[in-house]
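Chemist: turn this into a model:
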Amino acid sequence: MGLLYDIIQVLSVLTYSMENHTPEAVVVSEEGALMKLTSPKQLLIESFATFKKTWKLLVRIGVLVAGPAFLLAAMVMGIALAGYSVVAMILGFVLILTAVYFFSWAYAAVLYALSLPEGQAVRARDAYKQTAQRVWPMVGVSILTSLIVMGGILLLIIPGIIFSVWYGMSRYIVVTEGLSPVESLKRSRAYVDGYFWPVIIRFLVIIALGIAVGFVSEIISVTVAFGSTIIADIISMAISIVWSIYSMVYGYKVYVALKEAYAKKA
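Modeler: Numbering: from 1, shown residues only. Sure thing, here's the model as predicted:
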């Protein structure tokens, strides 16, 4: 019932957003023009600097809980291959929910670590303790965002792209600002207001870079593995983990830039 209530609220938020959307080119603050966001190049540089300082901690955080989640995902695949009996399907569904919970917790813990003031130390277990109450809100906002974007994609794709930009900051907000899933969606929409195209450009940059990293990863895996599939998979997975963490840092930096711009505009 709680999720249904959230979905109803989200529909009202979407209606309000569509009806009251102001063209990006004319949105200004009371002081004048909107504050410029950090450039994509500077975001990449700042993200790399943060990554260098925190990568060990972020990897420990991810492995601590995401590792078991990967094992659960593997078990689900095993069950699927074994057959489609009712018991297997129920067990598979339970394992999927558990894996989603663990992945969401790992994501929340990483965001918590990134949100701490520079130089403040935190242990991986402490990051999980601090975010234990934010896991279900993270799951909830992820589900709601996915439903919104999928619904937009069904409406000839472009609305899906718009919604993904509008509500792309909600996961960061639900963890670092402690808001509910629906309030996080509203706040994300407010942060992006006036910065639609700058946000798209910044994420296109990281997507393009990710494609390049994937291509290089394949070359390295094939070159270094000397024909061993296992070694190639290990190298590819290691590069994927490193890139995933860097991408999270980059996304968080975009969120911080939007939050600061919103504070100046308010």
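Chemist: where's the nearest residue to residue 148 once chain neighbours are set aside relative to residue 146, distance?
Modeler: Spatial nearest neighbour of residue 148, chain neighbours left out: residue 163 (4.9 Å); criterion: Cβ to Cβ, 6 or more residues apart in numbering. C-beta coordinates here come from the backbone N, C-alpha and C atoms, glycine included. Distance of residue 163 to residue 146, given as Cβ to Cβ, to the nearest Å: 10 Å.
Chemist: quick one, helices of the stretch 51-200 of the chain?
Modeler: 86-115, 124-131, 135-154, 158-166, 170-176, 181-192, 196-225 (DSSP state H, counting those that start in this stretch).
Chemist: which of these sits closest to residue 260?
Modeler: With Cβ to Cβ, the closest approach to residue 260 among those belongs to helix 181-192: 9.8 Å.
Chemist: so can I have TSV of the helices of the stretch 51-200 of the chain showing mean neighbour count?
Modeler: Formatted as TSV, those follow (neighbours: other Cβ atoms under 10 Å):
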stretch	mean neighbour count
helix 86-115	19
helix 124-131	18
helix 135-154	19
helix 158-166	18
helix 170-176	26
helix 181-192	23
helix 196-225	15
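Chemist: okay if I get these as CSV plus distance to residue 62 and mean pLDDT?
Modeler: Listed next are those as CSV, based on distance: least, Cβ to Cβ, whole Å; pLDDT from 0 to 100:
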stretch, distance to residue 62, mean pLDDT
helix 86-115, 5, 81
helix 124-131, 9, 91
helix 135-154, 15, 91
helix 158-166, 24, 91
helix 170-176, 15, 95
helix 181-192, 22, 95
helix 196-225, 17, 88
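Chemist: mind putting these in JSON lines, distance to residue 233 included?
Modeler: Output for these, formatted as JSON lines (distance: least, Cβ to Cβ, whole Å):
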{"stretch": "helix 86-115", "distance to residue 233": "20"}
{"stretch": "helix 124-131", "distance to residue 233": "25"}
{"stretch": "helix 135-154", "distance to residue 233": "27"}
{"stretch": "helix 158-166", "distance to residue 233": "30"}
{"stretch": "helix 170-176", "distance to residue 233": "29"}
{"stretch": "helix 181-192", "distance to residue 233": "36"}
{"stretch": "helix 196-225", "distance to residue 233": "8"}
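Chemist: quick one, which of those is nearest to residue 40?
Modeler: Going by Cβ to Cβ, the one of the helices of the stretch 51-200 of the chain nearest residue 40 is helix 196-225, 4.4 Å.
Chemist: roughly how far is the closest one from the heart of the chain?
Modeler: Put simply, helix 196-225 sits 16 Å off its chain's centre (Cα atoms, centre = their mean, to the nearest Å).
Chemist: closest one to residue 58 among the helices of the stretch 51-200 of the chain?
Modeler: Residue 58 lies closest, by Cβ to Cβ, to one member of these: helix 86-115, at 5.5 Å.
Chemist: now do the closest one: which elements does it pack against?
Modeler: Here helix 86-115 touches helix 40-82, helix 124-131, helix 135-154, helix 170-176, helix 229-265, going by 3 or more Cβ pairs under 8 Å, 6 or more residues apart in numbering; DSSP states H and E.
Chemist: mind saving the C-alpha coords of the shortest one as PDB?
Modeler: The C-alpha coordinates for helix 170-176 follow below in PDB (Å, rounded to 0.1, in the frame of the first residue of the first chain):
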ATOM      1  CA  SER A 170      16.800  11.300  -6.500                       C
ATOM      2  CA  ARG A 171      19.100   8.400  -5.300                       C
ATOM      3  CA  TYR A 172      21.700  10.900  -4.100                       C
ATOM      4  CA  ILE A 173      19.100  13.000  -2.300                       C
ATOM      5  CA  VAL A 174      17.300  10.100  -0.600                       C
ATOM      6  CA  VAL A 175      20.600   9.100   1.100                       C
ATOM      7  CA  THR A 176      22.500  12.300   1.700                       C
END
